[in-house]
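Undergrad: Test case, fold it:
(chains A and B)
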Protein chains: 2
Amino acid sequence: MNKHPPALLLIDVQKGFDHPRWGPRNNPQAESQIKRLLEAWREKGHPVIHVRHHSHEPNSPLHPDQTGSHFKEEALPLASEVVFTKHVNSAFIGTDLEQHLRSQGITALVICGLTTDHCVSTTTRMAGNLGFDVVLVSDATATFDRQGLDGNVIKAEEIHRVHLTSLHGEFCQVKTADTVLT
Amino acid sequence: MNKHPPALLLIDVQKGFDHPRWGPRNNPQAESQIKRLLEAWREKGHPVIHVRHHSHEPNSPLHPDQTGSHFKEEALPLASEVVFTKHVNSAFIGTDLEQHLRSQGITALVICGLTTDHCVSTTTRMAGNLGFDVVLVSDATATFDRQGLDGNVIKAEEIHRVHLTSLHGEFCQVKTADTVLT
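TA: Just a heads-up that it's a prediction; the model follows:
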C-alpha cells in the first residue's frame, strides 16, 4: 500500500520537439492529455516533478541556448514544483531524482512526456528496476517516425505501440489518461 | 580512442528461455552467433563478462532453484570469466558491473543475449547513458511474441526490428555479428 500519493513525472515536455528535424509524430493529443494530468495533480496537491533535457549538441533544438529547451505552455512548472535537468535519456542518470523520491517517501510514479521509445522508455525502465511502482500514460506520450536498419521508415504509431507493449507488465502498467484520472 | 579492447557482455543466455511459457521466438540463430562472438573474444584474449538473471518468482524458469537458470551450452563461462547475477532487467542495477568496468578501464561494450526488448534493451540504454561506447549485435539477440494492449499479438520479429531501430544511433550502434567479427 502506498502511503504517499504517486508523483506525476513529466519527461521533456519541451518546445524543441516541435522542430521539423524530428519528422512526423504520432498522438498530437499528448500535450492536452499531459495538461489534464498536470491540472488534476495540482488540484489534489499531489507531487509534480518536471524533467527537462539539455543537449550537449550545439545544434540540437534541446540545447540550453535554444528556445526549444523551454517547457511547452501545457507543462510550465510552478515555482513550487521541482525541476530536474538531464543530459542523457534516463532521468535517473546524472540527476538527484532517485535521491529526491526516496527522501520524499515517494514510491509510485505516473509518467508522461516525450518521447515514448527514447527518454520515456528509458526512464520508465529504470524507475521500475529501481523498485518504483510505475504507471505510464499511453496517450500522454508520443514519438516520431524513425528509419529502420533496412532503410525503410517505421511509423511513429507502430514504434509507440510496440514500445508500450514491451514495457507493460514488465516495467510498469500502461494506462490511458482517462483511466488514471478516474 | 579506446585503449582497452571492448568487453563482450552476454546477457541472460540461460536455458530457461527455452521454456514454452515465453511463446514463439524470432532469430533461432542467436545462440550460434553468440557462440561465434564468444570464441572470437576468447581467442583474442579480450574481456568476456557474463550476466545471468535470477528471478525472485518461485515459478519462473529463471529462478535460481530451476535448471532454467543455468547458462546455455553456447555461453558457459570459463572459470577465468566474471559473472554478474542480477534480479531486474538492467545489468547495472543491483550489481557491481559499472564499478567493475570502470576499475578495469573498459569503456567499450559489445552486447548480445536475451531478450532484445527487455534485458538487452534496458542494459544497452543504461550502458550508453553511463557513457560507454556500445555495439549491440542484431543477430545475436532475440525476443518473443507479445500480446499488445489491444489484445492482438505482436510478432517477435516486429518487436525485435522496432527496438533495434529505437536503440541504433541513440544508445548504441547496431551491427551484425559478421560486421563485428571482421
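Undergrad: could you point out the longest helix in chain A?
TA: The single longest helix within chain A, with elements called by DSSP state H, is helix A:30-44.
Undergrad: next one: phi and psi at A:L130?
TA: Main-chain dihedrals, A:L130, degrees, to the nearest 10: phi -80, psi 0.
Undergrad: Looks like it contacts B:I93 (just checking).
TA: Yes: with contacts counted by Cβ atoms under 8 Å, A:L130 reaches B:I93, the gap being 6.5 Å. C-beta here means a position set from N, CA and C on the backbone, and glycine is covered the same way.
Undergrad: Which of the helices or strands spans A:D139?
TA: Applying DSSP states H and E as the criterion places A:D139 in strand A:133-142.
Undergrad: before we move on, what about A:V83?
TA: Under the criterion DSSP H and E, the helix or strand holding A:V83 is strand A:82-86.
Undergrad: touching chain B at all, that strand?
TA: No: contact of strand A:82-86 with chain B (Cβ under 8 Å from any Cβ of the partner chain) is absent, the minimum separation being 9.2 Å.
Undergrad: by contact count, what packs against the helix or strand following that strand?
TA: Scanning forward in sequence from strand A:82-86 by DSSP H and E, the next helix or strand is helix A:97-104. Helices and strands touching helix A:97-104, by 3 or more Cβ pairs under 8 Å, 6 or more residues apart in numbering or on different chains; DSSP states H and E, are strand A:48-53, strand A:82-86.
Undergrad: list the helices and strands the last one packs on?
TA: The elements that strand A:82-86 packs onto, with contact taken as 3+ Cβ pairs under 8 Å, 6+ apart, are strand A:48-53, helix A:97-104.
Undergrad: While we're on the residue of chain A most remote from its centre, how confident is the model there?
TA: Farthest-out residue of chain A from its mean C-alpha position, per Cα atoms, centre = their mean: A:D150, at 28.6 Å. Predicted confidence (pLDDT) at A:D150: the value is 94.
Undergrad: Can I take it that it is in a helix?
TA: No: with DSSP: H, G, I helix; E, B strand; the rest coil as the criterion, A:D150 is located in coil rather than a helix.
Undergrad: who in chain A is up against chain B?
TA: Of all the residues in chain A, those in contact range of chain B (Cβ under 8 Å from any Cβ) are A:88-90, A:93, A:117-118, A:121-122, A:125-126, A:128-130, A:138, A:146-149, A:154, A:158-159, A:161-166, A:168, A:170-171, A:174.
Undergrad: Got a quick PyMOL command for the buried subset of those residues?
TA: Command for PyMOL, covering only those of those found buried under the criterion 16 or more other Cβ atoms under 10 Å in any protein chain shown:
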select buried, chain A and resi 88+89+90+93+117+118+121+122+125+126+128+129+130+138+146+154+158+159+161+162+163+164+165+166+168+170+171+174
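Undergrad: Let's see which of the residues of chain A next to chain B end up in strands.
TA: With strands identified by DSSP state E, the entries of the residues of chain A next to chain B that belong to them are A:S138, A:R146, A:Q147, A:I154, A:V174.
Undergrad: Same list, these, but as JSON lines with pLDDT please.
TA: Putting these into JSON lines (pLDDT from 0 to 100) gives the following:
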{"residue": "A:S138", "pLDDT": "98"}
{"residue": "A:R146", "pLDDT": "98"}
{"residue": "A:Q147", "pLDDT": "96"}
{"residue": "A:I154", "pLDDT": "98"}
{"residue": "A:V174", "pLDDT": "98"}
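Undergrad: Can you pick out the most distant pair from those residues?
TA: Set against one another by Cβ to Cβ, these have their most distant pair in A:Q147 and A:V174, with a gap of 25.7 Å.
Undergrad: and A:H70, how many neighbours?
TA: Using other Cβ atoms under 10 Å in any protein chain shown as the criterion, A:H70 is surrounded by 14 other residues.
Undergrad: ok, so what distance separates the residue nearest to it when sequence neighbours are not counted from chain B?
TA: In space, and not counting its chain neighbours, A:H70 is closest to A:K15: 5.1 Å by Cβ to Cβ, 6 or more residues apart in numbering or on different chains. Counting by Cβ to the nearest Cβ, to the nearest Å, the separation of A:K15 from chain B is 20 Å.
Undergrad: Need the pLDDT of A:K15.
TA: 98.
Undergrad: Surely it touches A:L76?
TA: No: with contact defined as Cβ under 8 Å, A:K15 and A:L76 do not form a contacting pair (10.9 Å).
Undergrad: Where does the prediction get shaky in chain A?
TA: The model of chain A has pLDDT under 70 over residues A:1-2.
Undergrad: Can you give the contact residues for stretch A:159-170?
TA: Contacts made with stretch A:159-170 from outside it, assessed by Cβ atoms under 8 Å, 6 or more residues apart in numbering or on different chains, are listed as A:26-27, A:116-117, A:121, A:124-125, A:128, A:136, A:138, A:141-146, A:174, B:89, B:117-118, B:121, B:146-149, B:154, B:158-159, B:162-163, B:165-166.
Undergrad: what's the offset of that stretch from the middle of its chain?
TA: Stretch A:159-170 sits 14 Å away from the centroid of its parent chain (Cα atoms, centre = their mean, to the nearest Å).
Undergrad: Alpha carbons of it, in PDB - could you do that?
TA: The C-alpha coordinates for stretch A:159-170 follow below in PDB (Å, rounded to 0.1, in the frame of the first residue of the first chain):
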ATOM      1  CA  ILE A 159       7.100   2.400 -32.700                       C
ATOM      2  CA  HIS A 160       4.800   3.800 -29.900                       C
ATOM      3  CA  ARG A 161       2.600   0.600 -29.900                       C
ATOM      4  CA  VAL A 162       5.500  -1.800 -29.800                       C
ATOM      5  CA  HIS A 163       7.300   0.000 -27.000                       C
ATOM      6  CA  LEU A 164       4.200   0.300 -24.800                       C
ATOM      7  CA  THR A 165       3.700  -3.400 -25.300                       C
ATOM      8  CA  SER A 166       7.200  -4.300 -24.300                       C
ATOM      9  CA  LEU A 167       7.000  -2.000 -21.200                       C
ATOM     10  CA  HIS A 168       3.600  -3.100 -19.900                       C
ATOM     11  CA  GLY A 169       3.600  -5.700 -17.200                       C
ATOM     12  CA  GLU A 170       7.400  -5.800 -17.100                       C
END
